[in-house]
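A.B. asks: Here's a sequence, model it:
(one chain, ligands or ions: 1)
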Amino acid sequence: MTEINAFILDLDGVVTDTAEYHFRAWKQLADEENVPFTREDNEHLRGVSRRRSLELLLGEHLERYTEDHTAELMARKNGYYQEMLHHITAADLLPGVSELLDDLKRRGLKIAIGSASKNTTTVLTRLGILDLFDGIADGNVVTRAKPAPDVFIYAAGMVGIPVAQCVVVEDAESGIEAALISGMIAVGIGPETRVGKAHFRYDSTADINLETILDGKI
Ligand SMILES: [Mg+2]
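C.D. replies: Just a heads-up that it's a prediction; the model follows:
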C-alpha cells in the first residue's frame, strides 16, 4: 500500500470554477479584436496557459499580431479577468471542497495547490481558504505548463513530501498527464473521456472518497 502524506489540488475546476470568468474575459477581448469566440471554443482552453489560450483563440488571426501586440492582448484579458475576480466569494467554492480540506487537515496531511493560474493567491484569498494551504505552486513559480510535471513537483517540494506520497486532484487531461509523469497518484474530476487515465475518477469534488484513495492499492 502506498503511504500518502500530501494532497495537491488544481484550482480551476477542482476548488472553484473560474471558467465562466475566464470565458467572459476572453469573450470581451475576442469581441474587441473581431475574432469569433464561442463557449464551445472556450472548452479547449481548459487547463491551458494564458499564452497558449490566446494562440488558440486567435487561430489563423495570430499572424496579424506582433509579439508586443500579443503581450498587450494577454495583459488586457488578464485585466478583465482580475476585475471579475473581485466578485468571487466563499460561495464560489465548489461543493465538497470545505469538507475535503477539513478532512485532510484532520488526518494531518499536507495540502498544496498546483495550478497554472498566476492569480491563485488572489482567488484563494477571495474564497477565504488561503491559510488552509501549506504550499502554493502556481504560474508565478514555474514556466512550463502542464502536462509538464513542474508545478506538481514544485508543490511537493514546498510541503516536503516525496512525489510518490502525493495525490493530485485535477480536472484537465493535461493535468492528469502531469500528475502521472510526476509519479504521483492521480485523481480525476470529470468525465472518463477527459480524465479517464487517472487512478481514481469522480464526477465532482464532492464525490471524492478519501478512504478509498488512502486505502487504495494501485
Ligand atoms: Mg483545472
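A.B. asks: Not counting sequence-adjacent ones, nearest residue to the residue lying farthest from the centre of the chain?
C.D. replies: What lies farthest from the middle of the chain is residue 64; by CA atoms, centre = their mean that is 30.3 Å. Leaving aside its sequence neighbours, residue 64 sits nearest to residue 58 (CB to CB, 6 or more residues apart in numbering; 7.8 Å). The C-beta positions use only the backbone N, C-alpha and C, and glycine is treated the same way.
A.B. asks: same question, residue 190
C.D. replies: residue 171 (4.9 Å).
A.B. asks: can you map out the helices along this structure?
C.D. replies: Ranges of helices within the chain are 19-32, 39-43, 50-58, 67-85, 97-106, 120-127, 150-159, 173-182, 192-195, 210-215, based on DSSP state H.
A.B. asks: burial of residue 61, as a residue count?
C.D. replies: Neighbours of residue 61 under the rule other CB atoms under 10 Å: 13.
A.B. asks: any idea how far residue 96 is from the residue nearest to residue 170 when sequence neighbours are not counted?
C.D. replies: Spatially, and ignoring its direct neighbours in sequence, residue 170 is nearest to residue 10 (4.6 Å; CB to CB, 6+ apart). Distance, residue 10 to residue 96, using CB to CB, to the nearest Å: 14 Å.
A.B. asks: These two: who's more crowded?
C.D. replies: residue 10 (27 against 16).
A.B. asks: which bits of this protein sit near the ion?
C.D. replies: Remark: the part of the chain in contact with the ion comprises 10, 12, 13, 47, 171, 172, using CB under 5 Å from the ion.
A.B. asks: Distance of the nearest residue to the second one once chain neighbours are set aside relative to residue 27?
C.D. replies: Residue nearest to residue 12 in three dimensions, not counting chain neighbours: residue 18, with 5.3 Å by CB to CB, 6+ apart. With distances taken as CB to CB, residue 18 is found 14 Å from residue 27.
A.B. asks: Same question for residue 167.
C.D. replies: When residue 167 is compared with residue 27 (using CB to CB), they lie 34 Å apart.
A.B. asks: Also residue 146?
C.D. replies: 24 Å.
A.B. asks: Would you mind telling me which of those two has more residues around it?
C.D. replies: When neighbours are counted by other CB under 10 Å, residue 146 comes out ahead of the other of residue 146 and residue 27, with 27 against 18.
A.B. asks: Could you report the pLDDT at the more buried one?
C.D. replies: Note for residue 146: predicted pLDDT of 91.
A.B. asks: so who does the closest residue to residue 150 other than its chain neighbours touch?
C.D. replies: Nearest-residue entry for residue 150: residue 142, 4.2 Å, with adjacent residues in sequence omitted and distances by CB to CB, 6+ apart. Taking CB atoms under 8 Å, 6 or more residues apart in numbering, we find residue 142 in contact with 148, 150, 151, 154.
A.B. asks: Highest neighbour count among the residues you listed?
C.D. replies: residue 151 (28 neighbours).
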